[in-house]
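Visitor: Below: sequence and its predicted model.
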Amino acid sequence: MKKLFLVGFQLSGDLMDEVNKMKQEVISECGMQSLVDDVPHCTLNLNQFDKIEKVDEEIKKAVESFPVFEIFVDGLGSFDNEVIFLKVLPSDLLTKLQEKIAKSVASFHIGEHCRETQPRLNLTSGQISNSEKFGFPYVGKTWVPHITIAVLKKECFTKLGKKLLKRVIKRNFLLDKIILYEWSDGWKLFRVYELKR
C-alpha cells in the first residue's frame, strides 16, 4: 500500500524555537493557516512509496558516507505572496545531498504526488521532467531550499505576511542528520539517518 513520505532535516534548537514562535504568531493573528502546524523542516524529497524498507535502505546508503556540513539561514521570503518561508542558502553540498537522495529513491516512487495533488502548480519543463523521473519536481537546480512557516490566506498575507518578511534572521547550524517522515494525520518521524562525522 502506498504512503506519503518526506525526507528532510530539522533546525537547530534556538532556530526551531524562533520558527515555532512565528508559527504561533500566525495562529494568534490569523487563525489556523495551511502548514502552520507542520514541524519546521526543510524538504529534500516528497514522494509516495510502497516499498518503504527498500527506500529506508537506499536513504541510509546515500547519507551514511555524506559529511556533516553547515547550513546557513538568511531572512524570510515568499512564494506567490502566500507561502512565507525561512530562506536556506543553497550550497554545493546541500544540492549534492538533495540530488543524491532523490536519485537513491527515484526507482521506488509511485506516481507524481506534487503534480497529482497540486494541479495549479506552474511547473517549468525541467520541473516536469524531474517529476516524471524522480516523482518530485524540485531536484537540483529547480529546488529552492526553505523552511515553510505557513501558507497564508490573502487577507493574512496582507495583515501579517509583509511584517514577517521584514524580520532579520541570520543563523547557521551543523547538518548532521536527515529525517524520514511518514504522513499519518501530520508528519510523524519514521527514521533518523546520521551523516558521516
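Guide: Noted; the coordinates are in hand.

Visitor: Spatially central residue for this protein, please.
Guide: Residue closest to the average C-alpha location in the chain (CA atoms, centre = their mean): Thr43, at 1.8 Å.

Visitor: Would you double-check that that residue falls in a strand?
Guide: Yes. Counting by DSSP: H, G, I helix; E, B strand; the rest coil, Thr43 is found in a strand.

Visitor: Next up, the contacts around it.
Guide: For Thr43, the contact set (CB atoms under 8 Å, 6 or more residues apart in numbering) comprises Leu6, Val7, Gly8. No exception for glycine: its C-beta is placed from N, CA and C like everyone else's.

Visitor: Would you convert those into a markdown table that also reports pLDDT?
Guide: Listed next are those as a markdown table, based on pLDDT from 0 to 100:
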| residue | pLDDT |
| --- | --- |
| Leu6 | 94 |
| Val7 | 96 |
| Gly8 | 96 |
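
Visitor: Of those residues, which is the most crowded?
Guide: Tallying neighbours with other CB atoms under 10 Å puts Val7 at the head of those, with 27 neighbours.

Visitor: Shouldn't Leu46 be within a strand?
Guide: Yes. Assignment of Leu46 by three-state DSSP places it within a strand.

Visitor: Would you mind measuring from it to Lys177?
Guide: Distance, Leu46 to Lys177, by CB to CB, to the nearest Å: 18 Å.

Visitor: quick one, which of the two is more surrounded?
Guide: Neighbour totals were compared for Leu46 and Lys177, and Leu46 leads with 20 against 13 (other CB under 10 Å).

Visitor: and the more buried one, how far is that from Arg197?
Guide: Taking CB to CB, one finds Leu46 at 27 Å from Arg197.

Visitor: Quick check: what element follows the longest strand seen in the chain along the chain?
Guide: Secondary structure assigned by DSSP state E gives strand 69-79 as the longest strand of the chain. The first helix or strand that comes after strand 69-79 along the chain, using DSSP states H and E, is strand 83-88.

Visitor: did I read that right, Phe5 in a helix?
Guide: No. Counting by three-state DSSP, Phe5 is not found in a helix; it is strand.

Visitor: Can you name the residues that contact it?
Guide: Phe5 makes contact with Leu46, Asn47, Gln48, Phe49, Ile52, Val55, Leu180, Tyr181, Glu182, Trp183, Phe190, according to CB under 8 Å, 6+ apart.
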